[in-house]
Each structure stands twice: as C-alpha cells, then as structure tokens.
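got a sequence here, can you model it:
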Amino acid sequence: MAYGGAVPDPLDPIAEAHRQWSARWPEHADHMAAVTSVMRAQQLLLGKVEAALKPHGLTFAAYEALRLLAFTRTGTLPMGKVGTRLMVHPASVTNVIGRLEQRGLVERRPSPDDRRVVLAAITPAGRELAEEATAALHEAGFGLPDLTGDQAADITRALHAVRVSAGDVPGGSPA
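Numbers count the residues shown, from 1 in each chain. The predicted structure follows:
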C-alpha cells in the first residue's frame, strides 16, 4: 500500500491476502477481501474528500454538519438530531459543532419550544462556506471523478445490502 507519497507495491495486498486466505480458509476468503476492500476504499476516499475540503478549513465531519444544517428549512436542528442524522456519537456532535461555533459558522441556542433542547443553527457565514465546500466536492467528484453515475449507483446499492445486513437500515432499495 502506498502511504504519504510512497511508490505503490505492484502487488495488490488485498489480492495477496485473498490468495493466502483461500489457501487456509477458502470459505471466508471472499468476505475477508470484501471487508478489507471497503476499509481501504474508505481510507482512499476520505483522503481525497479531506484534501478537497482542506482549503476551506473543514474536515468531512464539519462539512457534513454544515451541509445538514444548510439543508434544513430553518437552518437549525436539535443537537441530538444532528447526531442521529450524521450517525455519530453525541460527543462527536458536540465537538464538531463547538469547533464550527468558534469559527462563527454555527451558533448554539436553546429551543424556543423546549429550553432543555439545544439547537445548532447555521450562520450566514456557515451557509456560504457550505456552498463553497460543496462546489469543491462536486469539482472533485467526491473522490470518485473517474466513475460514471451508474458505477457510483452500483456501489451505493452494494453497500446498502451491507448496511441492511448489519442492521443499520431496514431492508428494501436504497433511496
């Protein structure tokens, strides 16, 4: 594997692991290769997405939070709902929203309906940055610039089956 600009090994490490697994545990070789491929693809894509967002001073987690708030009708969501929608732990939401708040991109305020609920609210500066960062991700093809729309949709469908199998979402077709 190539890290930090290192020359890639001409041997595909996942293919070699599959070969080794096939010799020892052939009934598990395809599953091992699938999970290892997904994990490696996640590393590669996160690196490309983070590189596209870096000039905007955003991590992917911060971008997702801004984009989520920008998508809402009012620009606000309860902190708990942010975590649910982003599928992250409440502590992670607090951390990301706190960093965005320090930059003036998000504000936290009590809900007018229930003062026990804290709302995250995108600011005009946050909305503007969300649009700029979205344009950068569009330009970068979300890290998949060489894939067609059909290929990207195929990946989404395949990973939906994984998510259903893991109990992350109910069965059925991806949206």
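
where is the longest helix in this structure?
Among the elements of type helix in the chain, defined by DSSP state H, the one spanning the most residues is helix 26-53.

now that one, how far from the chain's geometric center?
13 Å (CA atoms, centre = their mean, to the nearest Å).

same question, stretch 41-57
The chain centroid and the centroid of stretch 41-57 are separated by 10 Å under CA atoms, centre = their mean.

quick one: buried residues of it?
Counting neighbours by 16 or more other CB atoms under 10 Å, one finds that the buried residues in stretch 41-57 are Lys48, Val49, Ala52, Leu53, His56. (Each C-beta comes from the backbone N, C-alpha and C, glycine too.)

Arg103 against Gly57, yeah?
Yes: the pair Arg103 / Gly57 is scored as a contact, 7.4 Å apart, by CB atoms under 8 Å.

give me the distance between the residue positioned nearest the centre of the chain and Ser111.
Within the chain, the residue whose C-alpha comes closest to the C-alpha centroid is Phe60; the distance, by CA atoms, centre = their mean, is 6.4 Å. From Phe60 across to Ser111, the span is 27 Å (CB to CB, to the nearest Å).

one step back: the residue nearest to the centre of the chain and Ile122: what is the separation?
For Phe60, the distance to Ile122 under the criterion CB to CB works out to 17 Å.

and what of Val164?
For Val164, the distance to Ile122 under the criterion CB to CB works out to 32 Å.

over to Pro110?
From Pro110 over to Ile122 (counting by CB to CB), the distance is 17 Å.

and Arg103, by the same measure?
When Arg103 is compared with Ile122 (using CB to CB), they lie 12 Å apart.

given the strand or helix carrying Ala121, what are its sheet partners and their directions?
With secondary structure defined by DSSP states H and E, Ala121 is part of strand 118-122. Here the strand partners of strand 118-122, with direction, are listed using DSSP bridges: strand 76-78 (antiparallel), strand 106-110 (antiparallel).

report the rounded mean pLDDT for the last one.
Same thing as strand 106-110. On average, the pLDDT along strand 106-110 is 97.
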